[in-house]
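Colleague: sequence plus the predicted model coming up.
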Amino acid sequence: MTNGVLVEHLRLWSPFAPPLETHRWLALLSMGLVLSLAWSWLHATLPSLSSQARQATPRLIAAFALCGGSGTLLGLRLAQASLGPIERIDESQVEGIAALHFALGLLGTALLLLAPRTTANHCGPLFLTSRHSSDRAARRAWWAMFGQGFLLTYGWLTAMDAHQHMVFGTAVLIGIFLTAWRTCPQRALGFVPLGWVGATFSFIVLRLSPDSLGAWVSLGVFLGVGLVSTRSEILLRVYPTRRFVSSLLMGGAWSAGTVAGWQIFRWIGTEQRNASWGAFLAALLSLFAIRSFFRELLELLVEPVLSTMYRIAAYGSGVHQLPTRGPVIVIANHAAWFDPLWIAKVMPFRVRPMMTARFYDLPCISWLMRNVFFTIRVPENRFRREAPEIQVAIAAIDQGDNLLIFPEGWLRRKEEVVLRRFGHGIHQILASRPQTPVIACWIEGGWGSYVSHKDGPPMKNKPFDFLRRIRIGVNDPEIVPADILADHWRTRHYLMVSVLQARRHLNLPEVTPPIFETDPHTDHDTADNEASHLDPSTNA
């Protein structure tokens, strides 16, 4: 509410309005700085608060955005009531918004230059310059914040009167509310290109019918659905010690987008061309968003079909302790083709699976695996002296990527064999990067599904899945002790026990892991895992 009143005063006391005394400008600038610092500090504390409250961070950010947006709209109403009604909120109001956020951008830039260049105590570089995978993800969202500020400002200025402003602002809050239920921030980024494409068509409708109430509602909703995911992505991917400065820079990107939208709107000049230019500019930004968030958009478009087939839920102490910054290795049992999709649904970060060449090399799928999902290809040769996929996986960890590995190496075939012995690959990866956290999971419900081998090959002799329940038990992330990593037998057995222990989160009976042959001169796992290359499944 304070922000809304401040913005309205800045609108009335702008270069377009009568001159304002110096002491009042200083007072307003001081208030703007205080609000900027408070806004950034509150955003920086939301991830830790959500972890303590055992709630998903995007939900707290959505609640924060809803409260802030509602307060701004209410403050504008109160300010207009006390300072006098206006027929049209023109571009001078955005000058007030820009003045408020410009201080935030300047302060963020100053802190960026003054920030210590050290990696001690996990205080690494800021996401703007780092090549770490998580920082690259935060950088994408940072640019999207600029686009969000630009389109929201341009849409706000396109409105012709105060009533349309309130309809537009309320619709933005509705868009935020519609995405508040999302718990996976990475996949929710698909709303950014989806919303900007929708905004493009809304601008086209407004060009044809400027007084269309439905077009104003759709424009606000489409521009509101991407706000939570971009903020969440930045705050969750950066180092915890960098969240405050990152919040300031996030506000700076928003401010830059606001100023750019305001200047372009003033340059266009005529009301008849505003909606047309809005459609053109939104289309350009949509192309950028589709290219940057293509994987997230594809997953979001497929999700309605997946949700119709399966009800996926995660359980266990690890659900609220999952790291938001890579690298990590996720391991699980493998009973169905869709295991990677189910795991990706509950993880708050992007994962790179490993997949056998038979499925990886299929037409169309190969392009997606190489260019969208960055899947690691596993050759199908039965007997190999070299495993190049292991080196690719290690290189991915060095880049900060998160790996998804099914160490059994092939799909479950028999009812009585709940879990097979793990292969060598997972030990080789962990032995090379021993400090990589491991998240052990158990997937229950995949065996017997339409895409499992129960009662025949997948997709044969089984009914199509409809609202099938898939439960995933998630352990706390752990680093495998060094004394265990020294021996590949102990490592594989240790990880098998960890995966089986994840069953307790689902109240499933205990299962004894398979017995390992401990003769160092004989490896009886080879015969068991030879058939793994015959299945289109992930492989370690």
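Modeller: All right, it came through fine.
Colleague: Three-state assignment for the residue most central in space within the chain, please.
Modeller: Centroid check for the chain by C-alpha atoms, centre = their mean gives residue 186 as the closest residue, at 1.6 Å. Here residue 186 is helix, with the state taken from DSSP: H, G, I helix; E, B strand; the rest coil.
Colleague: isn't it right up against residue 350?
Modeller: Yes: here residue 186 reaches residue 350: they are 5.3 Å apart, a contact under C-beta atoms under 8 Å. In short, each C-beta sits where N, CA and C put it, glycine included.
Colleague: find the residues that touch each one of those two.
Modeller: residue 137 (C-beta atoms under 8 Å, 6 or more residues apart in numbering).
Colleague: report the distance from the helix or strand hosting residue 141 to the chain centre.
Modeller: Using DSSP states H and E, residue 141 sits in helix 133-158. On the basis of C-alpha atoms, centre = their mean, to the nearest Å, helix 133-158 sits 14 Å off its chain's mean C-alpha point.
Colleague: give the contact list for the residue nearest to the centre of the chain.
Modeller: Residue 186 neighbours (C-beta under 8 Å, 6+ apart): 137, 233, 296, 348, 349, 350.
Colleague: can I get the helix or strand following the helix holding residue 141 in PDB, CA atoms only?
Modeller: Note on helix 133-158: by DSSP H and E, the next helix or strand toward the C-terminus is helix 162-178. C-alpha atoms of helix 162-178 as PDB (Å, rounded to 0.1, in the frame of the first residue of the first chain):
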ATOM      1  CA  ALA A 162      -8.500   4.400 -14.600                       C
ATOM      2  CA  HIS A 163     -11.200   1.700 -14.900                       C
ATOM      3  CA  GLN A 164      -9.100  -0.200 -17.500                       C
ATOM      4  CA  HIS A 165      -6.100   0.200 -15.300                       C
ATOM      5  CA  MET A 166      -7.800  -1.400 -12.300                       C
ATOM      6  CA  VAL A 167      -9.200  -4.200 -14.500                       C
ATOM      7  CA  PHE A 168      -5.700  -4.800 -16.000                       C
ATOM      8  CA  GLY A 169      -4.000  -4.800 -12.500                       C
ATOM      9  CA  THR A 170      -6.600  -7.100 -11.000                       C
ATOM     10  CA  ALA A 171      -6.100  -9.500 -13.900                       C
ATOM     11  CA  VAL A 172      -2.400  -9.600 -13.300                       C
ATOM     12  CA  LEU A 173      -3.100 -10.600  -9.700                       C
ATOM     13  CA  ILE A 174      -5.400 -13.400 -11.000                       C
ATOM     14  CA  GLY A 175      -2.500 -14.600 -13.200                       C
ATOM     15  CA  ILE A 176      -0.200 -14.800 -10.200                       C
ATOM     16  CA  PHE A 177      -2.800 -16.600  -8.200                       C
ATOM     17  CA  LEU A 178      -3.400 -19.200 -11.000                       C
END
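Colleague: same for helix 162-178, what does it pack against?
Modeller: On a contact count with 3 or more C-beta pairs under 8 Å, 6 or more residues apart in numbering; DSSP states H and E, helix 162-178 meets helix 57-83, helix 133-158, helix 213-224, helix 227-237.
Colleague: the inter-axis angle of that helix versus helix 227-237?
Modeller: Here helix 162-178 runs at an angle of 50 degrees relative to helix 227-237 (axes from the mean of the first three to the mean of the last three C-alpha atoms, to 10 degrees).
Colleague: pull out the buried positions in helix 162-178.
Modeller: Buried residues in helix 162-178, counting neighbours by 16 or more other C-beta atoms under 10 Å, are found at 162, 164-173, 175-177.
Colleague: of those residues, just say which sits nearest to residue 210.
Modeller: residue 164 (9.1 Å; C-beta to C-beta).
Colleague: quick check: the closest one touching residue 216?
Modeller: Yes: Residue 164 lies in contact with residue 216 (C-beta under 8 Å); the separation is 5.7 Å.
Colleague: any low-confidence regions in the stretch 401-540 of the chain?
Modeller: Scanning the stretch 401-540 of the chain for pLDDT under 70 picks out the ranges 516-540.
Colleague: all the strands of it, residue numbers only.
Modeller: Ranges of strands within the stretch 401-540 of the chain are 403-405, 438-444, 468-474, based on DSSP state E, counting those that start in this stretch.
Colleague: can you list contacts of the last one?
Modeller: Strand 468-474 is contacted from outside by 309-319, 322, 332, 342-343, 346, 439, 441-446, 449, 502-506, 508, using C-beta under 8 Å, 6+ apart.
Colleague: hmm, 7 Å instead?
Modeller: 309-316, 318-319, 342-343, 346, 439, 441-446, 449, 502-503, 505-506 (C-beta atoms under 7 Å, 6 or more residues apart in numbering).
Colleague: now the second one
Modeller: Surrounding strand 438-444, the residues in contact under the criterion C-beta under 7 Å, 6+ apart are 318, 322, 328-333, 335, 339, 342-343, 470-475, 477-478, 480, 495, 498-499, 502-503, 506, 508.
Colleague: how about the first one?
Modeller: When contacts are defined by C-beta under 7 Å, 6+ apart, strand 403-405 is touched by residues 329-331, 340, 343, 351-354, 393, 396-397, 426, 538, 540.
Colleague: returning to what we had before: which of the contacts of residue 186 sit farthest apart?
Modeller: Using C-beta to C-beta, the pair of the contacts of residue 186 lying farthest apart is 296 and 348, separated by 12.9 Å.
Colleague: more neighbours: which of the two?
Modeller: Between residue 296 and residue 348, counting by other C-beta atoms under 10 Å, residue 296 is the more crowded of the two (26 against 18).
Colleague: that one and residue 361, how far apart?
Modeller: 25 Å (C-beta to C-beta, to the nearest Å).
Colleague: what of residue 454?
Modeller: Residue 454 is 27 Å from residue 361, by C-beta to C-beta.
Colleague: the more surrounded of those two?
Modeller: residue 454 (19 against 14).
Colleague: from residue 225, how far off is the spatially closest residue to that one that is not a sequence neighbour?
Modeller: Nearest non-adjacent residue to residue 454, counting by C-beta to C-beta, 6 or more residues apart in numbering: residue 448, 4.6 Å away. Shown here: residue 448 relative to residue 225, a distance of 36 Å by C-beta to C-beta.
Colleague: before we move on, what about residue 438?
Modeller: From residue 438 to residue 225 the distance is 35 Å (C-beta to C-beta).
Colleague: do residue 500 as well
Modeller: Distance from residue 500 to residue 225, by C-beta to C-beta: 40 Å.
Colleague: who has more neighbours out of those two?
Modeller: More neighbours surround residue 225 than the other of residue 500 and residue 225, with 26 against 20 (other C-beta under 10 Å).
Colleague: pretty sure that one is touching residue 181, no?
Modeller: No: Residue 225 is not in contact with residue 181 according to C-beta atoms under 7 Å; the separation is 11.8 Å.
Colleague: residue 40 is in contact with residue 245, isn't it?
Modeller: No: look at residue 40 against residue 245 with C-beta under 7 Å: they stay out of range, at 8.3 Å.
Colleague: residue 41: what's it in contact with?
Modeller: Counting by C-beta under 7 Å, 6+ apart, residue 41 makes contact with residue 244.
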